[in-house]
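K.L.:
Show me the folded form of this:
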Amino acid sequence: MARTNIRSTRVKPASGGLLVLNVLRRERISANFARVTLGRGDIDRFKPMGYDQWFRLFLPVGGGSLAKVPKRLDMVSYLRFLTVSKNVRPVLRNYSVRAYRPDGPEGPELDVDVVLHGSPDDGTAGPASAWAQTCRPEDPVAILDEGIGFNPPPGTRHVVLVADETGLPAVAGILDSLPHDARGHAIVEIPDEADRQELTGPPGVTVDWLPRATTGLPAGQFAYREAIGLRLPQEPTYGWVVGEQALATGVRRHWVASGLPKDNIMFCGYWRAQP
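P.N.:
Take a look at the predicted model:
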């Protein structure tokens, strides 16, 4: 189970409920990322919140339906969902909103960036990675909005953001949503130099890109080393760290030891490296 405090810090969406959307298009935006754009269907019911807004993504299995997807997700409905045979049970993954546009060519649009691993041709890609490389326009998906985890105390203007590539879409959303007078630092580890993206944020927030291809380090360790070497300012600061579990928990532990109040930290292990 992922280590996180997001349940206690998150801002819930104004309205919940299952939304069924369609794939509008997909593109390979770099060697290790694909972007899938969703829309149509129930997209008018989606309420953008900015920052690191995230959602549960349900993908049909083998061209099947979304009939087994719960309308809401709590412990009871999740356990019931797990009893459905894997042959027909939709794949469930968590993703952040990379971008939302209310005025796309066919109406509102929602971008999902997926980190790619393996190839769907030889069966080495995971379900979400395979979907991001093979989905077609009109393919259905379902999402459940979960709101945002980025929730600094009122008046906090200094932020420190730390993430590996799985957290890059959330970092992009936070930077784009921060007030213009925000200050701070964003540390983003990516697999390769070519995976950099154009990010829009306040001029007072510096973004450090950390390509790990030539370092020989395991995923997350480059960002961890940079984060613990960064001196926190004396002014009130909000720390946000996501990605590989050791990165998230390690940076959070360092921040607490450095005097940053626990209430000023959001951390989430998005995934866990195999030993």
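K.L.:
Pull out the buried positions in the longest strand anywhere in the chain.
P.N.:
Ranked by residue count under DSSP state E, the longest strand found in the chain is strand 18-30. Of the residues in strand 18-30, Leu18, Leu19, Val20, Leu21, Asn22, Val23, Leu24, Arg26, Ser30 count as buried by neighbour count, 16 or more other CB atoms under 10 Å. Any C-beta I mention is one placed from the backbone N, CA and C, and that applies to glycine too.
K.L.:
what sits against the nearest residue to the fifth one once chain neighbours are set aside?
P.N.:
I take that to be Asn22. Closest residue to Asn22 apart from its sequence neighbours, by CB to CB, 6 or more residues apart in numbering: Arg40 at 4.4 Å. Residues near Arg40 by CB atoms under 8 Å, 6 or more residues apart in numbering: Leu21, Asn22, Leu24, Glu106, Gly107.
K.L.:
what about the residue nearest to Gly167 when sequence neighbours are not counted, neighbour count?
P.N.:
Excluding its sequence neighbours, the residue lying closest to Gly167 (CB to CB, 6+ apart) is Val242, at 4.0 Å. The tally of other residues near Val242 (other CB atoms under 10 Å) stands at 31.
K.L.:
Now do Val242 against Ile43, distance only.
P.N.:
Distance of Val242 to Ile43, given as CB to CB, to the nearest Å: 26 Å.
K.L.:
rewinding a little: now the contacts of Arg40 in TSV, with pLDDT?
P.N.:
Converted to TSV, the contacts of Arg40 look like this (pLDDT from 0 to 100):
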residue	pLDDT
Leu21	97
Asn22	97
Leu24	98
Glu106	90
Gly107	95
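K.L.:
Give me the below-cutoff pLDDT ranges for this protein.
P.N.:
Along the chain, the model assigns pLDDT under 70 to residues 1-2.
K.L.:
For it, just list every one of the strands.
P.N.:
18-30, 33-39, 54-59, 91-96, 99-104, 107-115, 140-147, 158-163, 183-190, 205-211, 237-244, 265-271.
K.L.:
Identify the residues contacting the third one?
P.N.:
Residues from elsewhere that reach strand 54-59 (CB under 8 Å, 6+ apart): 66, 69, 73, 90-97, 112, 127-128, 131, 141-149, 170.
K.L.:
So the residue nearest to Asn22 versus Arg56, what's the distance?
P.N.:
19 Å.
K.L.:
mind saving the C-alpha coords of stretch 245-258 as PDB?
P.N.:
Extracted in PDB, the C-alpha atoms of stretch 245-258 (Å, rounded to 0.1, in the frame of the first residue of the first chain):
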ATOM      1  CA  GLN A 245       7.800   5.500  -2.500                       C
ATOM      2  CA  ALA A 246      11.300   5.800  -1.100                       C
ATOM      3  CA  LEU A 247      11.600   9.200  -2.600                       C
ATOM      4  CA  ALA A 248       8.300  10.400  -1.100                       C
ATOM      5  CA  THR A 249       8.900   9.000   2.400                       C
ATOM      6  CA  GLY A 250      12.600   9.900   2.500                       C
ATOM      7  CA  VAL A 251      12.100  13.500   1.600                       C
ATOM      8  CA  ARG A 252       9.200  13.900   4.000                       C
ATOM      9  CA  ARG A 253      11.400  12.400   6.800                       C
ATOM     10  CA  HIS A 254      14.200  14.900   5.900                       C
ATOM     11  CA  TRP A 255      11.800  17.900   5.900                       C
ATOM     12  CA  VAL A 256      10.300  16.900   9.300                       C
ATOM     13  CA  ALA A 257      13.800  16.500  10.800                       C
ATOM     14  CA  SER A 258      14.700  19.900   9.300                       C
END
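K.L.:
Going by neighbour count, list what's buried in that stretch.
P.N.:
Buried positions in stretch 245-258, judged by neighbour count with 16+ other CB under 10 Å: Gln245, Ala246, Leu247, Ala248, Thr249, Gly250, Val251, Arg252, His254, Trp255.
K.L.:
Same check on stretch 73-87?
P.N.:
Buried residues in stretch 73-87, defined by neighbour count with 16+ other CB under 10 Å: Leu73, Phe81.
K.L.:
Would you mind listing the residues in contact with the residue nearest to Gly167?
P.N.:
Val242 neighbours (CB under 8 Å, 6+ apart): Asp52, Val162, Ala163, Thr166, Gly167, Ala170, Ala248, Phe267, Cys268, Gly269, Tyr270.
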